[in-house]
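Undergrad: Any chance you can model this:
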Amino acid sequence: MSSSSVLAPNYDFEVDHLVIGAGVVGLAIAERLAARGGSTLIVDKNDAAGQETSSRNSEVIHAGLYYPTDSLKTRLCIRGNQLLYELCDKYNIEHQQITKWVVAQTESDLAYLENLSKKAHQLLLPTTRMPGSPTYMLTQKEMKAQEPHIHGLAALVSPRTGIIDVHGLMQFLEMRIQEHGGDLVLQCQVTGIERLGSAATKDPAHSRGSFKVEMMSPAGPVVAKAATVINSAGLHSDKILQMLHDSAPQDTSLKALAPYKLHYCKGHYYSYSGPSLVSRLIYPVPDKNLAGLGTHLTLDLAGRMRFGPDILYVDSNDDYSIDEEVVGSRSSMDAVAKVIQTYLPRVDASSLYPDYAGIRPKLAGPGEPFRDFEIERLGGFVNLAGIESPGLTSSLAIAEYVEQMLV
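TA: Numbering: from 1, shown residues only. As a prediction, this is how the structure comes out:
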């Protein structure tokens, strides 16, 4: 450990802030807390940062259009969009403000997009970087003039949507954590958490207390004492919170952070070996319960098209394998192409192939209604649950939000 950790009796080290999970959100939180001052440690069980949800997504900077007006997803996505573009511009993190179209195929789709545009004008205020209209509509004729291969009745344009090199972003955050004197320790899995010295206070729910955190590292067991613990473990956050409950089953104040069940939603992404047919991101109208944003078309920073994700609820939170005989079969590729062809008729099924898969930590199960991000504090313990899309876009805003909770 660096100077951010001080040896203490009965502990291998002490730290002011311990962040569990080094995905993009955990890294953003650790960077923010380390910059504020005080010793900061971020741990992850994998052998590199961002190996799970953060590196297996569409790499899109969202504008914050879809979710309920008063939700954390909306508020933090809008704020995160602004912070992320500012960071990328200032530190030359590779990105493109490429814009997005949401394409209507039916009259009901068109009505949805018109309402979405009205909502965007209420929520997305002009900024110095983006002083223009947050959204606007295109007619079918206007669509054809700009993107001749796209089929639809009309399109909602989101000029604030972009793409980013998420690996470059995470590498930058890692570097900044270290510059601020913080530590990132990999291959370090949390095995137990116990709250210390708070159960006997008059107000245990708000007393900071401190925490005993047991971990397993390549060198063997490690025990840390942390003044604050931030559970940003993504697909494993429910298990981390359960450890806290298991350590003190009689502590009634822990009811303020109730255990929850995560649903693992696997999505496959498909690349395209043919020429790119568009110059911006193309999305269908999303599912009504916002379980997903549809099988959309995104571009990488080299301009290559890719499609996805689909939605498949699974039991495993770490199986990223692709069953080529099922997902990659000709019939499967034909089915994926049929969905894409509703807005891009010229896509060739024979040029599609499964590229990679990601797993999203959802609070909503199959067919269940919208669930928001859950970010809650109990004393010095901050719990983040259901941090899926738009988690990447929201990452810097989530870090800001968590820091404010701990002031």
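
Undergrad: Would you mind pulling the contact partners of stretch 319-337?
TA: Contacts to stretch 319-337, defined as C-beta atoms under 8 Å, 6 or more residues apart in numbering, come from residues 56, 266, 268, 270, 295, 307, 310, 347-350, 352-354, 356-359. The way it works is simple: take the backbone N, C-alpha and C, and place the C-beta from them, glycine included.

Undergrad: Mind checking which of these are buried?
TA: Buried members of those, counted by 16 or more other C-beta atoms under 10 Å: 56, 266, 268, 270, 295, 307, 310, 347, 349, 352, 354, 356-359.

Undergrad: From the residues you listed, which land in strands?
TA: Under the assignment DSSP state E, the buried ones among the contacts of stretch 319-337 contribute 266, 268, 270, 307, 352, 354, 356-359 to strands.

Undergrad: ok, the residues you listed vs Thr135, which is closest?
TA: Phe307 (23.2 Å; C-beta to C-beta).

Undergrad: State the distance from the closest residue to that closest one other than its chain neighbours to Ser71.
TA: Spatial nearest neighbour of Phe307, excluding adjacent residues (C-beta to C-beta, 6 or more residues apart in numbering): Tyr270 at 4.6 Å. As for Tyr270, its distance to Ser71 is 30 Å (criterion: C-beta to C-beta, to the nearest Å).

Undergrad: how about stretch 319-335: buried residues?
TA: 322, 327, 332-333.

Undergrad: do the same with stretch 357-373
TA: For stretch 357-373, by 16+ other C-beta under 10 Å, it's 357-364, 370-373.

Undergrad: Of these, which pair is most distant in space?
TA: Ala357 and Asp372 (25.0 Å).

Undergrad: Show only the entries of the buried residues of stretch 319-335 found in helices.
TA: 332-333 (DSSP state H).

Undergrad: ok so Ile375 is a strand residue?
TA: Yes - counting by DSSP: H, G, I helix; E, B strand; the rest coil, Ile375 is found in a strand.

Undergrad: so where's the stretch 51-200 of the chain uncertain?
TA: Scanning the stretch 51-200 of the chain for pLDDT under 70 picks out 198-200.

Undergrad: Going by distance to Gln105, which of the buried residues of stretch 319-335 wins?
TA: Met333 (21.7 Å).

Undergrad: Quick check: that closest one vs His268, distance?
TA: For Met333 relative to His268 (C-beta to C-beta), the value is 11 Å.

Undergrad: Likewise for Lys212?
TA: Taking C-beta to C-beta, one finds Lys212 at 41 Å from His268.

Undergrad: Kindly report the same for Ser39.
TA: Distance, Ser39 to His268, by C-beta to C-beta: 41 Å.

Undergrad: same question, Lys119
TA: 30 Å.

Undergrad: just the strands in the stretch 1-150 of the chain please.
TA: Ranges of strands within the stretch 1-150 of the chain are 6-8, 11-20, 40-43, 60-61, 95-96, 100-104, 136-139, based on DSSP state E, counting those that start in this stretch.

Undergrad: Sorry, wrong one. I was asking about the stretch 301-407 of the chain.
TA: Counting by DSSP E, counting those that start in this stretch, the strands of the stretch 301-407 of the chain are 305-308, 312-314, 352-362, 374-378, 381-385.

Undergrad: Low-confidence stretches in the stretch 201-350 of the chain?
TA: 201-208, 288-293.

Undergrad: quick one, helices of it?
TA: 237-247, 330-340 (DSSP state H, counting those that start in this stretch).

Undergrad: Highest average neighbour count across those: which stretch is it?
TA: Highest mean neighbour count of the helices of the stretch 201-350 of the chain: helix 237-247, a mean of 18 (counted as mean count of other C-beta atoms under 10 Å).

Undergrad: Need the contact partners of it.
TA: Looking at what lies outside helix 237-247 - C-beta under 8 Å, 6+ apart - the contacts are 20-21, 190-195, 231, 233, 254, 257, 259-262, 361, 381, 383-385, 387.

Undergrad: quick one: Thr127 and Arg79 touch, right?
TA: No - the criterion here is C-beta atoms under 8 Å, and Thr127 misses it with Arg79 at 10.9 Å.

Undergrad: Pick out whichever of the two has more residues nearby.
TA: Arg79 (18 against 14; other C-beta atoms under 10 Å).

Undergrad: what's the nearest residue to that one if we skip its chain neighbours?
TA: Closest to Arg79 by C-beta to C-beta, 6+ apart is Ala397, at 3.9 Å.

Undergrad: residues contacting that neighbour?
TA: Here Ala397 is in contact with 75-77, 79-80, 83 (C-beta under 8 Å, 6+ apart).

Undergrad: in which helix or strand would I find the residue lying closest to Pro345 once chain neighbours are set aside?
TA: Leaving aside its sequence neighbours, Pro345 sits nearest to His151 (C-beta to C-beta, 6+ apart; 5.4 Å). His151 is part of no helix or strand, with elements assigned from DSSP states H and E.

Undergrad: gap between Ala48 and His268?
TA: Distance from Ala48 to His268, by C-beta to C-beta: 22 Å.

Undergrad: what's the answer for Val229, then?
TA: 34 Å.

Undergrad: Count the residues that sit near the residue nearest to Ile164 when sequence neighbours are not counted.
TA: Leaving out its chain neighbours, the residue that sits closest to Ile164 by C-beta to C-beta, 6+ apart is His95, at 4.3 Å. His95: 21 surrounding residues under other C-beta under 10 Å.

Undergrad: Distance check, His95 against Pro218.
TA: Looking at His95 against Pro218, where the rule is C-beta to C-beta, the gap reads 35 Å.
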